[in-house]
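# Sequence first, then the predicted structure:
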Amino acid sequence: MTGRNGFRDGVYWIGCKAAPSGVQVDEYPVWLCSPLSVEAWTRNGGGSGWGRLLVWKDGKDQRHQWVMPCSLLASEGSEIRRELLDQGLIVSEKPTAHSALIRYLRDADMNVVARSVTVTGWHGNAFVLPQETYGDSKAEPIIFQTNATDALPLERGGTMQGWREHVAAPCAGNSRLVLALSCGFAGPCLGLTDSEGGGLHLRGGSSLGKTTAVLVAASIFGPPGFMRSWRQTDNALEGTASLHSDLLLPLDEIGQLDPSKAGAVAYMLANGQGKGRAARDGTSRAIAKFQLMFLSSGEVSLGDLITESGGTQRAGQDVRVIDIAADAGAGFGMFERLPTGVSAGEFADEIRAASRTHYGHALPAFLQGLTASTDATRTRLKADRDSLTDEMVGRSESQVRRVAQRLALIGAAGELATSYGLTGWPAGEAMQAAKTCFEQWREARGTEGNSEPDVLLSQVRKFMETHGDSRFEPLDRNRDPMKVINRAGFSRLPGDGAREYLVLPEAFKEIIKGHNAAWATGVLIKAGWLKPGAQGKTAQKVWIPDFGRQARVYVVDGDKVHSGD
């Protein structure tokens with residue numbers, strides 16, 4: 001575009017040279033790039049990590065900002081030009097212009113100093129995104145800094161009204177869809193309410209609509225590309241998670257995750273902390289920290305994936321990743337209510353198409369509401385969360401309550417979004433969806449208490465069912481002669497005919513692997529599966545013919561184990 005005096009709009013370099021008379025005169029201006037301003041110094045809270053806030057507009061008049069790390073100025077500038085070009089800035093092709101552009105970025109003088117952060121989400125009462133900061137940061141401007149700005153596709157398409165009418169509103173009456181959308185709104189509520197992160201996993205067969213639910217939730221934030229795949233290494237997932245702090249991380253098809261990494265990845269995402277690593281000089285690198293809500297889908301559960309690789313499912317995993325049946329039980333797959341004359345498949349297609357057209361408007365509108373009155377919003381969310389939790393589980397302090405708290409926060413966030421006019425749902429819709437899904441989760445779980453004892457009992461039963469005949473040598477060889485390889489112990493039939501397993505100490509450690517021995521024996525004794533010895537001993541001394549002496553063994557009631565009583 002041609003500007004004033006026939007010059008193209010943008011940044012120019014004007015050098016000078018010596019005239020024949022010896023007087024310094026200006027050279028003809030050299031165009032470097034389209035309009036680009038350097039608006040502030042930036043540095044982190046510790047006084048390091050200095051950068052410069054660059055602001056420009058692309059060819060579509062869309063504003064861009066990038067906190068350029070000053071460390072990039074140490075090179076010839078190709079990384080800087082690559083980033084600016086990728087985001088729509090027009091840069092001269094002349095090599096002399098390239099070096100002049102770097103000098104401009106290096107030497108620009110600013111009076112404003114802002115604090116840079118490398119994690120999205122809440123920083124005090126301000127909520128920081130890569131391109132914008134919401135809320136109070138008057139004392140010190142807060143800016144997101146990264147080497148690349150396209151890693152989090154918070155883009156917009158269509159309109160807010162179109163999203164509300166064609167994406168959110170039609171979900172009403174369908175608990176899984178409402179829960180998925182509310183889960184998206186719950187991400188920015190985590191830091192505000194000091195709630196723990198975690199995830200929801202929609203599990204069920206193909207064609208139930210699971211991916212539709214994840215796509216709908218992703219449309220709060222951006223285009224379909226905002227939805228990620230589980231098909232990543234654990235290191236890649238850590239990097240992805242660190243870019244979604246206080247946001248939603250939507251992940252499709254858990255079956256693509258490496259089963260051997262499944263348990264560790266679930267803990268990493270829920271606990272919000274990456275792995276410790278060493279720098280090249282041997283010192284410790286900063287550990288990635290974040291908090292997020294993630295929404296997952298797949299045909300198998302996390303527990304199934306873990307056991308598939310021979311791993312042990314931990315009780316805490318079903319708290320960190322809440323497994324919810326995608327089939328709502330109404331005969332329409334994931335849906336409970338369909339528009340008149342529309343099939344489940346057609347309804348899913350309509351919502352997916354709308355999500356690809358209208359997206360990215362709900363997040364900024366929701367954040368504007370959250371930050372308009374942060375303290376009042378925090379109080380409301382906590383009150384609604386705690387009230388719904390008490391309604392669902394009373395004053396219980398078990399793992400069930402932790403699940404109820406997360407679902408209650410999700411319901412409260414959905415109600416808050418409704419009160420802002422974003423969803424088009426009637427009041428109470430999000431809370432009801434949270435209650436419906438919680439009750440179905442609790443029914444499927446089958447216990448009101450902590451699940452660790454059930455996990456242990458299931459683990460012991462699986463071992464005995466798998467190895468009962470192959471690794472336990474009968475003491476009565478005349479009755480049942482067999483060759484035992486990798487022996488775990490012996491079996492016998494006492495006078496009452498109830499089969500017993502005599503487990504050797506090292507094999508017993510294998511059977512209860514992953515659990516504290518004292519706690520595990522207590523659970524097994526309480527369940528009647530382990531027969532204790534005299535004087536409070538957990539093991540007994542039994543004569544073993546092969547050994548020619550008495551041996552210390554754990555006596556397990558086979559009938560109790562196999563019957564599940």
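Thanks, I have the structure now.

# I'd assumed residue 247 was in contact with residue 190.
No: assessed by Cβ atoms under 8 Å, residue 190 is found out of contact with residue 247, at 9.2 Å. The way it works is simple: take the backbone N, C-alpha and C, and place the C-beta from them, glycine included.

# Find residues that contact each of these two.
Common contact partners of residue 190 and residue 247 (Cβ atoms under 8 Å, 6 or more residues apart in numbering): 292-293.

# Show me what the helix or strand containing residue 306 is packed against.
Using DSSP states H and E, residue 306 maps to helix 302-308. Judged by 3 or more Cβ pairs under 8 Å, 6 or more residues apart in numbering; DSSP states H and E, helix 302-308 is in contact with helix 262-271, helix 317-320, strand 321-325.

# Adding distance to residue 358, mean neighbour count and mean pLDDT, write these out as a markdown table.
A markdown table is the format used below for those (distance: least, Cβ to Cβ, whole Å; neighbours: other Cβ atoms under 10 Å; pLDDT from 0 to 100):
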| stretch | distance to residue 358 | mean neighbour count | mean pLDDT |
| --- | --- | --- | --- |
| helix 262-271 | 28 | 21 | 83 |
| helix 317-320 | 32 | 22 | 76 |
| strand 321-325 | 26 | 22 | 91 |
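
# Nearest to residue 233, out of those?
helix 262-271 (9.5 Å; Cβ to Cβ).

# That closest one to strand 321-325, inter-axis angle?
110 degrees (axes from the mean of the first three to the mean of the last three Cα atoms, to 10 degrees).

# centre of the chain versus helix 262-271, how much separation?
With Cα atoms, centre = their mean, to the nearest Å as the basis, helix 262-271 stands 9 Å off its chain's centre.

# can you state the direction angle for whichever helix or strand comes after that helix and helix 262-271?
Per DSSP H and E, the first helix or strand lying C-terminal to helix 262-271 is strand 293-298. Computed with the same axes, to 10 degrees, the direction of strand 293-298 lies at 150 degrees from that of helix 262-271.

# can I get the CA coordinates of strand 293-298 in CSV?
Taking C-alpha atoms only, strand 293-298 is exported to CSV below (Å, rounded to 0.1, in the frame of the first residue of the first chain):
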residue,chain,number,x,y,z
MET,A,293,-9.0,-29.7,32.4
PHE,A,294,-8.8,-32.3,29.6
LEU,A,295,-11.6,-34.1,27.7
SER,A,296,-10.9,-37.4,26.1
SER,A,297,-12.6,-40.0,24.0
GLY,A,298,-12.0,-43.6,23.1
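
# Give the rounded mean pLDDT of it.
For strand 293-298, mean pLDDT rounds to 92.

# Adjacent strands (with direction) for it?
Applying DSSP bridges to the sheet, strand 293-298 is found paired with strand 198-203 (parallel), strand 248-252 (parallel).

# Out of these, flag the one nearest residue 432.
Set against residue 432 and scored by Cβ to Cβ, the strands paired with strand 293-298 come closest in strand 198-203, at 16.4 Å.

# Show me which residues of stretch 371-382 are buried.
For stretch 371-382, burial by neighbour count (16 or more other Cβ atoms under 10 Å) applies to 371, 374, 377-378, 380-382.

# ranges for the helices of the stretch 101-250 of the chain?
For the stretch 101-250 of the chain, the helices defined by DSSP state H, counting those that start in this stretch occupy 160-163, 175-186, 190-193, 210-218, 234-242.

# residue boundaries of the helices in the stretch 451-565 of the chain?
With DSSP H, counting those that start in this stretch as the criterion, the stretch 451-565 of the chain has helices spanning 452-467, 505-511, 517-527, 558-563.

# Now do the first one, average pLDDT.
This means helix 452-467. 85.

# Give me the residue ranges of the stretch 151-300 of the chain where confidence is low.
The stretch 151-300 of the chain contains residues with pLDDT under 70 at 151, 275-286.

# and the strands paired with strand 293-298, which is most packed in?
strand 248-252 (a mean of 26; mean count of other Cβ atoms under 10 Å).

# CA atoms only for that one - export them in PDB, please.
Only the C-alpha atoms of strand 248-252 are listed here, as PDB (Å, rounded to 0.1, in the frame of the first residue of the first chain):
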ATOM      1  CA  LEU A 248      -9.300 -27.200  28.100                       C
ATOM      2  CA  LEU A 249      -7.100 -29.800  26.400                       C
ATOM      3  CA  PRO A 250      -9.400 -31.800  24.100                       C
ATOM      4  CA  LEU A 251      -7.900 -35.200  23.100                       C
ATOM      5  CA  ASP A 252      -9.400 -37.700  20.700                       C
END
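
# Contacts only, for the spatially most central residue of the chain.
The centre of the chain sits closest to residue 294, judged by Cα atoms, centre = their mean, with a distance of 3.6 Å. Going by Cβ under 8 Å, 6+ apart, residue 294 touches 197-200, 241, 244, 248-251, 269.

# Enumerate the beta-bridge partners assigned to it.
residue 199, residue 249.
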